[in-house]
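Trainee: coords please:
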Amino acid sequence: MAEPARLQVQICYAAPGLQVLKDIEVQEGCTIQQAIMGSGLLREHPAIDLTACRVGIYGKVKELDTPLRARDRIEIYRPLIADPKDSRRRRVAHKEKASR
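Mentor: This is a model prediction of the structure:
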């Protein structure tokens, strides 16, 4: 009986002062969650909370049970601390005041 194929994937996580890129090998059929758990990333960085963080592959948000394909880059996104639209409005208002 043939062994399941192995896939090369990468896990990415960034926080202030920290950037993690981990190349790992997983079995075909592995999910995003299984890859993250098996990588040891959560043990090395206990601040990562998969219940609060969204995940994606190459910038597209995915569910934790999404099966992986060869050369996928799993990205763990930190929760936003500010609404990007509100931040942009504040910057525009600040520039308008400064130019008067």
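Trainee: how about the helices in this protein?
Mentor: Remark: helices of the chain, listed N- to C-terminal, are 32-39, 41-44, 84-99; assignment by DSSP state H.
Trainee: which helices and strands sit right next to the shortest one?
Mentor: Translated: helix 41-44. On a contact count with 3 or more C-beta pairs under 8 Å, 6 or more residues apart in numbering; DSSP states H and E, helix 41-44 meets strand 18-27. All C-beta atoms are positioned from the backbone trio N, CA, C, and that covers glycine.
Trainee: the strand it packs on to helix 32-39, inter-axis angle?
Mentor: Going by axes from the mean of the first three to the mean of the last three C-alpha atoms, to 10 degrees, strand 18-27 is angled at 100 degrees with respect to helix 32-39.
Trainee: and the pLDDT for the most centrally placed residue in the chain?
Mentor: The centroid of the chain falls nearest to residue 76 when counting by C-alpha atoms, centre = their mean (1.6 Å). If you check residue 76, the pLDDT there is 97.
Trainee: returning to that earlier point: wait, which of the helices of the chain is closest to residue 12?
Mentor: helix 41-44 (9.9 Å; C-beta to C-beta).
Trainee: identify the residues contacting the closest one?
Mentor: Applying C-beta atoms under 8 Å, 6 or more residues apart in numbering, the external contacts of helix 41-44 come out as 11, 13, 20, 22, 36, 48, 50, 76.
Trainee: distance to residue 30 for these - can I get that in JSON lines?
Mentor: Conversion of those to JSON lines gives the following (distance: C-beta to C-beta, whole Å):
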{"residue": "11", "distance to residue 30": "12"}
{"residue": "13", "distance to residue 30": "18"}
{"residue": "20", "distance to residue 30": "19"}
{"residue": "22", "distance to residue 30": "14"}
{"residue": "36", "distance to residue 30": "10"}
{"residue": "48", "distance to residue 30": "18"}
{"residue": "50", "distance to residue 30": "15"}
{"residue": "76", "distance to residue 30": "16"}
